[in-house]
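Sharing a sequence plus its predicted fold:
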Amino acid sequence: MELPSRAPQDYQCPICFGFAGDTSPATLIRPSDVVYKDELVTVLINSFFMGKNAGHVIVVPNEHFENLYVLPPAVGHRVFDVAKKMALTLKRAYNCDGIKLMQNNEPAADQHAFHFHLHVYPRYDNDGFNSILPADKRLAEPAERAEYAQKLKAAL
């Protein structure tokens, strides 16, 4: 079953712009956000920080796939292999109490960047993460994100 794209008409992917090295307002991605990269996926410090869970990462296919529905199995396997690696890395680097994975498909599920990506969040006992409202997230400055990226690179 092939599903239609749910991206807005004339959608220009900010993740693809970032991967191309563009640092214009068309993307929030900066080269210093990159934690890990291989032939299939890249791991980035997410541009938005949530509550007490700063420095979470996204695992993103290097090739553009809108969502889980069209993600090739080999790429999906690599995404989850790298997500596991990053989960263990976050545990070492941030001394967090747990890890949360989150992935959204289509606007009804809160997908806002129409390029498949898997969030890997550090979680802490009583961190209140599940009560954070979308309005409570904040755009972290590139220099702040770079500090978290360096911490994770050192722990890899």
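Nice, I can see it.

quick one: low-confidence parts of the protein?
1, 133-135 (pLDDT under 70).

Helices of that one, residue ranges please.
14-19, 73-94, 142-155 (DSSP state H).

Other residues contacting the first one?
Contacts with helix 14-19, where a contact means C-beta atoms under 8 Å, 6 or more residues apart in numbering, come from 24, 26-30, 33, 42, 44, 60, 62, 64, 113, 115, 117. C-beta coordinates here come from the backbone N, C-alpha and C atoms, glycine included.

Report the beta-bridge partners for the residue nearest to the spatial centre of the chain.
With distances taken as C-alpha atoms, centre = their mean, residue 58 lies nearest the centre of the chain, 1.9 Å away. Under the criterion DSSP bridges, residue 58 forms beta bridges with residue 44, residue 119.

coming back round to it: please convert the helices of the chain to JSON lines, extending it with distance to residue 2 and mean neighbour count.
Output for those, formatted as JSON lines (distance: least, C-beta to C-beta, whole Å; neighbours: other C-beta atoms under 10 Å):
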{"stretch": "helix 14-19", "distance to residue 2": "21", "mean neighbour count": "20"}
{"stretch": "helix 73-94", "distance to residue 2": "16", "mean neighbour count": "17"}
{"stretch": "helix 142-155", "distance to residue 2": "36", "mean neighbour count": "17"}
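
Quick one: closest of these to residue 122.
Closest of the helices of the chain to residue 122 is helix 73-94, at 4.6 Å (criterion: C-beta to C-beta).

Alright, I will stop here.
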